[in-house]
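In: sequence unknown, structure follows:
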């Protein structure tokens, strides 16, 4: 039997500021401060990656200000990394919402 999580518990927090996309079926929305405290990798990534500026509609829609995709190069899987995605995709989502 599958475990059903509420909308506000690990790994998806409705008030989280960071999306982490590992695969099409593994997308996490987590808290900025917890990632900074618990992960040296994300502490560094978040320090040097600007947040997307969210408008009021995006904040009401609980969009995240940061987004990272896990990337595994097809010819060199040992060089996998999290890639910051900085774009206006959040605003497009809200407009379509």
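Out: It's in. A quick note: this is a predicted structure, and the numbers were derived from the prediction, not measured.
In: contact partners for residue 84?
Out: Residues near residue 84 by Cβ atoms under 8 Å, 6 or more residues apart in numbering: 45, 49, 66-68. C-beta here means a position set from N, CA and C on the backbone, and glycine is covered the same way.
In: which of the residues you listed fall in strands?
Out: Mapping the contacts of residue 84 onto strands (DSSP state E) picks out 66-68.
In: can I get the residues you listed in JSON lines with neighbour count, pLDDT and distance to residue 39?
Out: Listed next are these as JSON lines, based on neighbours: other Cβ atoms under 10 Å; pLDDT from 0 to 100; distance: Cβ to Cβ, whole Å:
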{"residue": "66", "neighbour count": "22", "pLDDT": "89", "distance to residue 39": "13"}
{"residue": "67", "neighbour count": "22", "pLDDT": "89", "distance to residue 39": "16"}
{"residue": "68", "neighbour count": "23", "pLDDT": "91", "distance to residue 39": "11"}
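In: let me know the closest of these to residue 28.
Out: Nearest to residue 28 among the ones in strands among the contacts of residue 84, counting by Cβ to Cβ, is residue 68 at 9.7 Å.
In: so what's the closest one bridging to?
Out: With DSSP bridges as the criterion, residue 68 is bridged to residue 20, residue 84.
In: can you start the count at 18 instead of 1 from here on
Out: Understood, numbering begins at 18; the last thing we discussed is residue 85.
In: can I assume it is in contact with residue 99?
Out: Yes. With contact defined as Cβ atoms under 8 Å, residue 85 counts as touching residue 99 (4.3 Å).
In: so what's in contact with those two at the same time?
Out: Counting by Cβ under 8 Å, 6+ apart, the common neighbours of residue 85 and residue 99 are 37, 59, 62.
In: contact partners for the first one?
Out: Each residue near residue 37 by Cβ under 8 Å, 6+ apart is listed here: 44-47, 84-85, 87, 99.
In: hang on, the earlier thing: redo the contacts of residue 101 as TSV? Include distance to residue 93.
Out: Putting those into TSV (distance: Cβ to Cβ, whole Å) gives the following:
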residue	distance to residue 93
62	20
66	23
83	26
84	23
85	19
